[in-house]
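**Student:** Give me a model of this one.
(chains A and B)
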Number of protein chains: 2
Amino acid sequence: MSIRVGIFGYGNLGRGVECAVRQNPDMELAAVFTRRDPASVKILSEGVPVLHADEAVSMRDKIDVMILCGGSATDLPVQTPAMVQHFCVIDSFDTHAKIPAHFAAVDEAARAAGNVAIISVGWDPGLFSLNRMYAGAILPDGCDYTFWGKGVSQGHSDAIRRVKGVKNGKQYTIPVPAALDAVRSGANPELTTREKHTRECFVVAEEGADLAAIEREIKEMPNYFADYDTTVHFITEEELQRDHSGIPHGGFVIRSGKTGWNGEHQHLIEYSLKLDSNPEFTSSVLVAYARAAYRMKKEGMLGCKTVLDVPPAYLSPKSGEELRSSLL
Amino acid sequence: MSIRVGIFGYGNLGRGVECAVRQNPDMELAAVFTRRDPASVKILSEGVPVLHADEAVSMRDKIDVMILCGGSATDLPVQTPAMVQHFCVIDSFDTHAKIPAHFAAVDEAARAAGNVAIISVGWDPGLFSLNRMYAGAILPDGCDYTFWGKGVSQGHSDAIRRVKGVKNGKQYTIPVPAALDAVRSGANPELTTREKHTRECFVVAEEGADLAAIEREIKEMPNYFADYDTTVHFITEEELQRDHSGIPHGGFVIRSGKTGWNGEHQHLIEYSLKLDSNPEFTSSVLVAYARAAYRMKKEGMLGCKTVLDVPPAYLSPKSGEELRSSLL
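**Tutor:** Predicted structure coming up:
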């Protein structure tokens, strides 16, 4: 029997989940839920109902795992604790500082309902967190480094678009090659914000706007750009659509550590992602963890989990025997 | 209270475990067991008893986890099922084809005794297996690639030393840069054995030996060298000791896969290790999994596990709360 997946929220992430479910033969898409008028939402799959978000609870016997595809700012803090009362759920809550509070709220609701929730799934938080944890446990005497990019930061692109005179824009976060090299050398450098990443902006200005003023305002923007070496390129809307319509991302998690009686041996553990589509990759991670949530519930587990709590084998459609003989 | 660790077998791996235990404040070394005369074995730690292997069982109340540091060919198939009758155990069994049989034997003994065993721990099998599993579950439509090196292969070094006229020798396995590049490009190439790795041999010949014959015999040796582009360098014993006395290793696990409704987006997940000391790094992995075995037993679990079964958080000395707030 297939694992019946529901998608709650149909933006980039929801569409990514739809695509990922199709790549997994042990899963099927049961329904898509939206807060918009369902008649206005056209999905890729044929024969799958699009329903209003308010109807989700009525599908509780037809869905094994609900994948929540809303945003971390206002959607998930409400939706995850609400939905876990009826379904096993997966979310990609990524406001790092608020994870403990979100965990507590979801855990309480999940335990009361006897369901499993896995929160903060994706690549950071998610796969990057996993790698920081494994590497730190294995090399306790060492340093951690996380670099992001090259990739599009939605938050920084939004910040550019709020600048007066800007019609459209996109921002790439780029790791500094010299910083990566220094880390890989085992030198355990202390790196400032400016030394780790640069920011590159592609900006479409409004007709007659003051380009120098736009560039200055971007580069001096606190929190977003002031602490970085930032470059600003002015391009046309046509160029932006042609060359910068993708949502690539990626990054590196590196731990450099020592072993030996006197720390005489150096080791480097490096994990990296190079992603053509950030939302589709994130969705693929969500879907693998949906399989884990389904299995954990079947085995009688309950409550809120993160990627750090889930036994790796639960993510795979293969049995323990198959995994041991083919892949270990 | 500390986790009390025993070391069974005191070679390179055992010494590495001794060093790793010292880096973990929640652990202490309880005893070292050897099949040699204990009086002849000098360990690094002060105040820790060195006992004969036959005395291990008498220490069952003083050791929480026994880390088995013997070889996969003849030691572990006997020692792991025997020791798990008295202790939680960790081994680094690495004969891939025999893992299912070893698992079955250890699982039966572990369940009968109510203990936890984690087998095939290290980096391959071990961390590389984990990464193959995670990446394969996340990108089901993709290809896996594992490259080893640059590093010393003990098996190939031994094979060189068995050649007539060879006094000493060391072999390095080296990934072919062009093959790595092709994989990273997302082209999903089919690579032959020869295309993936080269082998470089440093050989000390006996006085008056036929160097051309040695080189030919090495390069044509079936299984070990015949399928590879192999280079042979003749050097002096002094040069071998000076330049090739380390045991470095490492490698790469790469998965290249597609997502999207029509596979239109490409992704690359890459995990790599660069290790100055293969045995010390492997030991560090064993010690982290010793912590996991101790906790799993405390929580009432039992039986044989592999790295694929162990929830990641069990490896870390930090609590779930600490991990979520600091690292997720």
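**Student:** Please make it C-alpha for all contacts and neighbour counts, starting now.
**Tutor:** Fine.
**Student:** what residues does the stretch 201-328 of chain A put near chain B?
**Tutor:** By Cα under 8 Å from any Cα of the partner chain, the residues of the stretch 201-328 of chain A that approach chain B are A:259-261, A:265-277, A:280-281, A:284-285, A:287-288, A:308-313, A:315-317, A:321, A:324-325, A:327-328.
**Student:** Just the buried residues of these.
**Tutor:** A:259-261, A:265-277, A:280-281, A:284-285, A:287-288, A:308-313, A:315-317, A:324, A:327-328 (16 or more other Cα atoms under 10 Å in any protein chain shown).
**Student:** May I ask you to name the longest helix in chain A?
**Tutor:** Among the segments of chain A that qualify as a helix by DSSP state H, the longest is helix A:278-298.
**Student:** Give the next helix or strand downstream of it.
**Tutor:** Using DSSP states H and E, the helix or strand that follows helix A:278-298 towards the C-terminus is strand A:303-305.
**Student:** Please compute how far stretch A:216-224 lies from its chain's middle.
**Tutor:** In this view, stretch A:216-224 has its centroid 25 Å away from the chain centroid, taken as Cα atoms, centre = their mean, to the nearest Å.
**Student:** Tabulate the CA atom coordinates of that stretch in CSV.
**Tutor:** Written as CSV, here are the backbone C-alpha positions of stretch A:216-224 (Å, rounded to 0.1, in the frame of the first residue of the first chain):
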residue,chain,number,x,y,z
ARG,A,216,24.6,53.3,-2.2
GLU,A,217,21.4,52.4,-0.4
ILE,A,218,21.9,48.7,-1.2
LYS,A,219,25.5,48.6,-0.1
GLU,A,220,24.9,50.5,3.1
MET,A,221,21.8,48.6,4.1
PRO,A,222,22.3,47.3,7.7
ASN,A,223,22.1,43.5,8.4
TYR,A,224,21.6,42.7,4.8
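**Student:** buried sites along that stretch?
**Tutor:** A:217, A:218, A:219, A:224.
**Student:** Mind listing the strands the host helix or strand of residue A:201 pairs with, and their directions?
**Tutor:** Assigned by DSSP H and E, residue A:201 belongs to strand A:197-205. Strand A:197-205 has its sheet partners listed here by DSSP bridges as strand A:166-175 (antiparallel), strand A:229-234 (parallel).
**Student:** Just say which of those strands is most tucked in.
**Tutor:** Burial of these is given as mean neighbour count (mean count of other Cα atoms under 10 Å in any protein chain shown); strand A:166-175 ranks first at a mean of 22.
**Student:** what's the following helix or strand after that strand?
**Tutor:** Next along from strand A:166-175, by DSSP H and E: helix A:177-184.
**Student:** That next one vs strand A:197-205, what angle?
**Tutor:** Using axes from the mean of the first three to the mean of the last three Cα atoms, to 10 degrees, the inter-axis angle of helix A:177-184 relative to strand A:197-205 is 160 degrees.
**Student:** CA atoms of helix A:177-184 as CSV?
**Tutor:** The C-alpha atoms that make up helix A:177-184 are tabulated as CSV, following Å, rounded to 0.1, in the frame of the first residue of the first chain:
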residue,chain,number,x,y,z
PRO,A,177,37.1,31.0,-2.5
ALA,A,178,40.1,32.1,-0.4
ALA,A,179,38.1,31.5,2.8
LEU,A,180,37.1,28.0,1.6
ASP,A,181,40.7,27.3,0.8
ALA,A,182,41.9,28.5,4.2
VAL,A,183,39.4,26.2,5.9
ARG,A,184,40.3,23.2,3.8
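**Student:** what's in contact with it?
**Tutor:** A:145, A:188, A:189, A:191, A:195, A:196, A:254, A:256, A:268 (Cα atoms under 8 Å, 6 or more residues apart in numbering or on different chains).
**Student:** State the pair within those that is farthest apart.
**Tutor:** Largest separation among the contacts of helix A:177-184 by Cα to Cα: A:195 and A:268, giving 20.3 Å.
**Student:** Chain neighbours aside, what residue packs nearest to the closest residue to chain B within chain A?
**Tutor:** Here the residue of chain A nearest chain B is residue A:311; by Cα to the nearest Cα that distance is 4.1 Å. The shortest distance from residue A:311 to any non-neighbouring residue, by Cα to Cα, 6 or more residues apart in numbering or on different chains, is to residue B:311 (4.1 Å).
**Student:** Out of the residues of the stretch 201-328 of chain A next to chain B, which sit inside helices?
**Tutor:** A:280, A:281, A:284, A:285, A:287, A:288, A:321, A:324, A:325.
**Student:** Now that we're looking at the third one, what pLDDT does it have?
**Tutor:** You'll see residue A:284 listed with a pLDDT of 98.
**Student:** got the contact list for it?
**Tutor:** A:16, A:17, A:20, B:138, B:139, B:259.
**Student:** how near is it to residue A:21?
**Tutor:** The spacing between residue A:284 and residue A:21, counted by Cα to Cα, to the nearest Å, is 8 Å.
**Student:** quick one on the thing from earlier: contacts for the strand holding residue A:201 next, please.
**Tutor:** A:147-148, A:157, A:160, A:165-176, A:211, A:225, A:228-237, A:240.
**Student:** The next helix or strand after it vs strand A:197-205, what angle?
**Tutor:** Per DSSP H and E, the first helix or strand lying C-terminal to strand A:197-205 is helix A:211-219. Counting by the same axes, to 10 degrees, helix A:211-219 lies at 140 degrees to strand A:197-205.
**Student:** hmm, back to that, quick check, the residue of chain A closest to chain B in contact with residue B:310.
**Tutor:** Yes - with contacts counted by Cα atoms under 8 Å, residue A:311 reaches residue B:310, the gap being 5.2 Å.
**Student:** Low-confidence ranges, chain A, go.
**Tutor:** Flagging of chain A using pLDDT under 70 yields an empty set of residue ranges.
**Student:** Tell me what angle the one helix or strand residue A:5 maps to forms with helix A:278-298.
**Tutor:** Using DSSP H and E, residue A:5 sits in strand A:3-8. Strand A:3-8 runs at 130 degrees relative to helix A:278-298, counting by the same axes, to 10 degrees.
**Student:** measure stretch A:292-312 end to end?
**Tutor:** End-to-end distance (Cα to Cα), stretch A:292-312: 9 Å.
**Student:** which residues sit against it?
**Tutor:** For stretch A:292-312, using Cα under 8 Å, 6+ apart, the contacting residues are A:3, A:64-65, A:88-90, A:103-104, A:106-111, A:114-121, A:126-127, A:129-130, A:133, A:314-316, B:130, B:133-134, B:308-313.
**Student:** need the contact list for residue A:159.
**Tutor:** By Cα under 8 Å, 6+ apart, the neighbours of residue A:159 are residue A:224.
**Student:** what helix or strand is residue A:117 on?
**Tutor:** Residue A:117 is part of strand A:116-118 when elements are defined by DSSP H and E.
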